[in-house]
Structures are given as structure tokens and as C-alpha cells.
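Student: Provided below for reference: sequence and predicted model.
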Amino acid sequence: MVEDDDAFAEALTALLEADGRVEVAGRARGGREEVELAEALRPDVVLMDIVLPVMDGVEATREIRRMQPTIKLVGASVGSWSMWVRGCKRRPPHATQ
């Protein structure tokens, strides 16, 4: 999970893990940190905030997709949805599908 707001991240973690089918394996507070965390943890899914310090969610998504082309990413943010969709729909240069 990538979320820079501590209270929201804690609430979302509790909600996601409530029924036992989802485990939040790690949390980053910024895009650069998430790129490193995703490389280390190799999660099935990344829940990505868009407006982040250091590296925004769009750029972090591109970096993660370059390293892990099949990873699932879910973007979530207030007021930035169209930016994320436009930025993340582009395939990495090496993608074959």
C-alpha cells in the first residue's frame, strides 16, 4: 500500500484485513519508497495513492511496471483519477501483450 496519510492508511489496512482474505504486506509513504518496497516484497497487488511526496503515484506505477510487468496496480486518490489513468495506461517499452 502506498499512502502518505497515516490515519487513512491505518483505517484502510484494518478494513482490507478485516475478513482475513487480504494481507497488507507493507506500506510506503511515497512513490520512491514504494518502488523499492515493491521490488523487495514482490506483492500480488499494489494499492497506489496518486499524490505523493518525492515521486508521484503515476511515475511510481511506471517504475514498478517496468520491473514487474504483470503486477496488478489499483490507483486511488481524491481528484487525480484521470491523471493516473492517462499515465498508467501506457505499456512499458518491453511489454509484449
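Tutor: Received the coordinates, thanks.

Student: all helices of the chain, in order?
Tutor: In the chain, the helices defined using DSSP state H lie at 6-17, 31-41, 57-67, 81-88.

Student: possible to save those helices as CSV with mean pLDDT?
Tutor: Formatted as CSV, the helices of the chain follow (pLDDT from 0 to 100):
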stretch, mean pLDDT
helix 6-17, 93
helix 31-41, 95
helix 57-67, 93
helix 81-88, 58
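
Student: deepest of these, which one?
Tutor: Among the helices of the chain, helix 57-67 has the highest mean neighbour count (mean count of other Cβ atoms under 10 Å), at a mean of 20. (C-beta placed from N, C-alpha, C; glycine too.)

Student: can I assume residue 76 is in contact with residue 47?
Tutor: Yes: Residue 76 lies in contact with residue 47 (Cβ atoms under 8 Å); the separation is 6.3 Å.

Student: and residue 23, which of the helices of the chain is closest to it?
Tutor: Across the helices of the chain, residue 23 has its closest neighbour in helix 6-17 (6.5 Å, Cβ to Cβ).
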